[in-house]
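S.K.: I would like the atomic coordinates for the input below:
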Amino acid sequence: MEVKDEKTAAKAVAKNQHISTKYATEICREIKGKKLDRVEKRLQRIIDKKEFLPLRTYNRKVAHRKGESKSGVKSGRFPQKACKSFLKLLESVKANADFKGLDSENLIVAHCFASRGFGRRSVQPKGHIAGKRRRSKSTHVEVIVKEAK
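M.R.: Numbers count the residues shown, from 1 in each chain. Prediction:
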């Protein structure tokens, strides 16, 4: 995404993270346009299993969860690995914003995007004659924050 004013925005990119692309896109949809402090607290609540990540797009055969989500969606999961990866990325973008001289308490997630990364294949040694092929997922994630007015 092109940011019109580079002086009031900071960017961080994480390439080939070992997380699910589906969960990453759901997290991106959920955090876009929100304050950075609230996003970090919410991701931490998902890691602690106090709040679930509502799944809107990728919700086939996903059970309903207790409690109400703010978006009104009842089906969800607790993608802890993806949330931990996002927390690291948000710490990085906050450090980049501090380096640029932006107010770290007044940041909003302006852009968040996840795309499919490099696919790796490995062979599980157990198996009849040839073994079994396994595919590991990876995801590219980029976050741009800007200072709120």
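
S.K.: pLDDT weak spots in the chain?
M.R.: 1-4, 68-71 (pLDDT under 70).

S.K.: I'd like the distance from the longest helix anywhere in the chain to the chain centre, please.
M.R.: Longest helix in the chain by number of residues, with DSSP state H as the criterion: helix 80-100. Chain-centre distance of helix 80-100: 10 Å, with C-alpha atoms, centre = their mean, to the nearest Å.

S.K.: just checking, what packs against it?
M.R.: When contacts are defined as 3 or more C-beta pairs under 8 Å, 6 or more residues apart in numbering; DSSP states H and E, helix 80-100 packs onto strand 9-17, helix 21-31, helix 36-47, strand 139-147. (C-beta placed from N, C-alpha, C; glycine too.)

S.K.: in the third one, what's buried?
M.R.: For helix 36-47, the buried set under the neighbour-count rule, 16 or more other C-beta atoms under 10 Å, comprises 36, 39-40, 42-43, 46-47.

S.K.: rewinding a little: could you point out which element follows the longest helix of the chain?
M.R.: Next along the chain after helix 80-100, taking DSSP states H and E as the criterion, comes strand 107-116.

S.K.: and the angle from that next one to strand 9-17?
M.R.: Interaxial angle, strand 107-116 versus strand 9-17 (axes from the mean of the first three to the mean of the last three C-alpha atoms, to 10 degrees): 30 degrees.

S.K.: list the buried residues in strand 107-116.
M.R.: Buried residues in strand 107-116 (16+ other C-beta under 10 Å): 107-112, 114.

S.K.: got the residues you listed as JSON lines, with distance to A82 columns?
M.R.: JSON lines is the format used below for these (distance: C-beta to C-beta, whole Å):
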{"residue": "L107", "distance to A82": "21"}
{"residue": "I108", "distance to A82": "21"}
{"residue": "V109", "distance to A82": "16"}
{"residue": "A110", "distance to A82": "21"}
{"residue": "H111", "distance to A82": "18"}
{"residue": "C112", "distance to A82": "13"}
{"residue": "A114", "distance to A82": "9"}
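
S.K.: ok, for Y58, nearest residue in space, not its chain neighbours?
M.R.: Leaving aside its sequence neighbours, Y58 sits nearest to K22 (C-beta to C-beta, 6 or more residues apart in numbering; 4.4 Å).

S.K.: could you do C28 as well?
M.R.: Leaving aside its sequence neighbours, C28 sits nearest to C112 (C-beta to C-beta, 6+ apart; 4.0 Å).

S.K.: cool, thanks, signing off.
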